[in-house]
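Engineer: what would the 3D arrangement of this be:
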Amino acid sequence: MRLWRRREETTDAAAAPVAEAQEFPTAKPHYPTTSGWEVPVHGIHDQPVDRKTALTVPAIRRGVNLLAVTVASLPWQRIGADGTKKPLGWLAQPEAGRPLFQTLKDTLYDLQFDNVAYWKVNHRAATGEPAQGGVEYVSLDRIQDHRKTGGEFMIDSRPVVSLANIIAFEGWHGDGGILAAGARTIRIALALEAAAKRYADTPQSSVDLVNDSSYTLTDAEIDDLVRNYKRTRNAEAVGFVDKGLRVEKNGWSSKELQLIEARQYLNTLIANLIGVPADAIPGASALSGGSLTYSTTAQEARKLIDYGLVGPINSIETRLSMTDQQGNAWTNQVTPRGDVIRANLDARLRGNPIDRAQLYQILIPLGVLTVEEARAMEDLTPIGGTDV
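Structural biologist: Residues are numbered from 1 along each chain as shown. The predicted structure follows:
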């Protein structure tokens, strides 16, 4: 085998531009995301990031959707002062022509991003409580909040006549929501994604074949050598390099740039920012080696409730169960005095079928639970009954 030196380049190496993939990070004010949309990634740490920009980060979209969709899809109950369940009434469908799920989902988005959300009562029943379909979810871009401007509370630039018609929900972050508190983390995540995109968009050879001999290679011989080298390395685990031919590794791998590890670390930070367990965001739990199996489903559901859903659920429950302490009916309360609104978490905490069956085997003989009650808990038809 003949050995050759690498062919000399015709361009001036000193004048050649540095590959963008080597820049990590640069000082550019904007970066293109994987979709090609340029987003800002710089700014002081307390400068909020807009919602559209934040949602371009997959981990943020995953965490926010997880909380909003999970809480909005829970069954909701109205419990009377005597502990009995009552019909939900207007809460079964607050907005006309719109399901409760969608109303709650939008509300929970606002609570996560901006720590506040608003409904407006447009129509009331004869009892004074809101009428079914008489409530309107009001997006934050329509509101000029008197707490921010020092003036009146305005919707669509028109003052609200009675604040008793405003149902204001306060979030659980306490610092303006994740857009303000997590601006720095979100910007770093955007910069990291941009760095990964630049690395992928700037291909370069991973191996150079360098010849230390004095033989000068023709273009045809170079092409033949490279082609044979690639075929040998791809087809066989063992190769041969003759004396004088040196193999040099070129560039950096994504692992060496620590792009994978950095994304895992940032996903963990984002999970903490949103307030969900790291296992709930794919890629974050890889740092701790966490995995989800069928036998741990109930434990994972319990963890999500204890460490993720408590804040969102309480923000909704406590506001809708609020009683007017001043005695002026419906100034603060939106359900009859003494009633409370609760999310039903039983379905998410039921555990697997074997665990539930073992529980029934213990409780039924003790008289704590009847067979019919156990069948109802399993959504089974009563004995002797028929499905409707």
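Engineer: how near is residue 50 to residue 378?
Structural biologist: Taking Cβ to Cβ, to the nearest Å as the measure, residue 50 and residue 378 are separated by 46 Å. C-betas here are computed from N, CA, C, even on glycine.
Engineer: what about the nearest residue to residue 346 once chain neighbours are set aside, distance to residue 88?
Structural biologist: Excluding the flanking residues, the one nearest residue 346 by Cβ to Cβ, 6 or more residues apart in numbering is residue 377, at 7.7 Å. The gap separating residue 377 from residue 88 is 21 Å, by Cβ to Cβ.
Engineer: so what's the residue count around residue 346?
Structural biologist: Around residue 346 there are 9 other residues, counting by other Cβ atoms under 10 Å.
Engineer: check what pLDDT it gets.
Structural biologist: With respect to pLDDT, residue 346 scores 76.
Engineer: how close does it sit to residue 303?
Structural biologist: 17 Å.
Engineer: contacting residues around the spatially closest residue to residue 76 that is not a sequence neighbour?
Structural biologist: What sits nearest to residue 76 in space, not counting adjacent residues and going by Cβ to Cβ, 6+ apart, is residue 343, at 5.8 Å. Residue 343 makes contact with 71, 74-77, 313, 316-317 under the criterion Cβ atoms under 8 Å, 6 or more residues apart in numbering.
Engineer: cool, residue 341 as well?
Structural biologist: Per Cβ under 8 Å, 6+ apart, neighbours of residue 341: 76-79, 91, 316-317, 320-321, 335.
Engineer: checking it next. Helix, strand or coil?
Structural biologist: strand (DSSP: H, G, I helix; E, B strand; the rest coil).
Engineer: distance check, it against residue 334.
Structural biologist: Where residue 334 is concerned, residue 341 sits at a distance of 9 Å (Cβ to Cβ).
Engineer: nearest to residue 273, of the contacts of residue 343?
Structural biologist: residue 71 (17.7 Å; Cβ to Cβ).
Engineer: am I right that the closest one is in a helix?
Structural biologist: Yes - counting by three-state DSSP, residue 71 is located in a helix.
Engineer: local confidence estimate at it?
Structural biologist: On the pLDDT scale, residue 71 gets 94.
Engineer: same question for residue 321.
Structural biologist: 93.
Engineer: check contacts around the residue lying closest to it once chain neighbours are set aside.
Structural biologist: Spatially, and ignoring its direct neighbours in sequence, residue 321 is nearest to residue 340 (4.1 Å; Cβ to Cβ, 6+ apart). With contact set as Cβ under 8 Å, 6+ apart, residue 340 has these partners: 78-79, 317, 321.
Engineer: distance of residue 340 relative to residue 127?
Structural biologist: 17 Å.
Engineer: mind listing the helices for this structure?
Structural biologist: 51-54, 58-72, 100-114, 146-149, 178-181, 183-201, 219-235, 259-274, 297-304, 310-320, 353-366, 371-377 (DSSP state H).
Engineer: burial count for the closest residue to residue 170 other than its chain neighbours?
Structural biologist: Once flanking residues are discounted, residue 170 sits nearest to residue 116: 6.0 Å by Cβ to Cβ, 6+ apart. For residue 116, the neighbour count with other Cβ under 10 Å is 19.
Engineer: from memory residue 116 sits against residue 167, does it?
Structural biologist: No - Residue 116 is beyond contact range of residue 167, at 11.6 Å (criterion: Cβ atoms under 8 Å).
Engineer: what about the chain, any weak spots by pLDDT?
Structural biologist: 1-48, 145-151, 197-206, 234-244, 249-259, 283-298, 347-352, 384-388 (pLDDT under 70).
Engineer: find the residue at the geometric middle of it.
Structural biologist: Centroid check for the chain by Cα atoms, centre = their mean gives residue 63 as the closest residue, at 2.0 Å.
Engineer: so the nearest residue to that one once chain neighbours are set aside versus residue 326, what's the distance?
Structural biologist: Residue nearest to residue 63 in three dimensions, not counting chain neighbours: residue 274, with 3.8 Å by Cβ to Cβ, 6+ apart. Counting by Cβ to Cβ, the separation of residue 274 from residue 326 is 36 Å.
Engineer: now residue 280
Structural biologist: 41 Å.
Engineer: got phi/psi on residue 160?
Structural biologist: Here is the backbone geometry of residue 160 (degrees, to the nearest 10): phi -80, psi 120.
Engineer: what are the phi and psi values at the closest residue to it other than its chain neighbours?
Structural biologist: Spatially, and ignoring its direct neighbours in sequence, residue 160 is nearest to residue 153 (4.9 Å; Cβ to Cβ, 6+ apart). With angles defined as degrees, to the nearest 10, residue 153 sits at phi -80, psi 120.
Engineer: joint contacts of residue 341 and residue 334?
Structural biologist: Counting by Cβ under 8 Å, 6+ apart, the residues touching both residue 341 and residue 334 are residue 320.
Engineer: ok, and the most crowded of the contacts of residue 340?
Structural biologist: residue 78 (20 neighbours).
Engineer: show me what contacts it?
Structural biologist: So residue 78 contacts 85-89, 91, 335, 339-342 (Cβ under 8 Å, 6+ apart).
Engineer: my read: residue 75 touches residue 379, true?
Structural biologist: No - taking contacts as Cβ under 8 Å, residue 75 lies outside contact range of residue 379: 11.9 Å.
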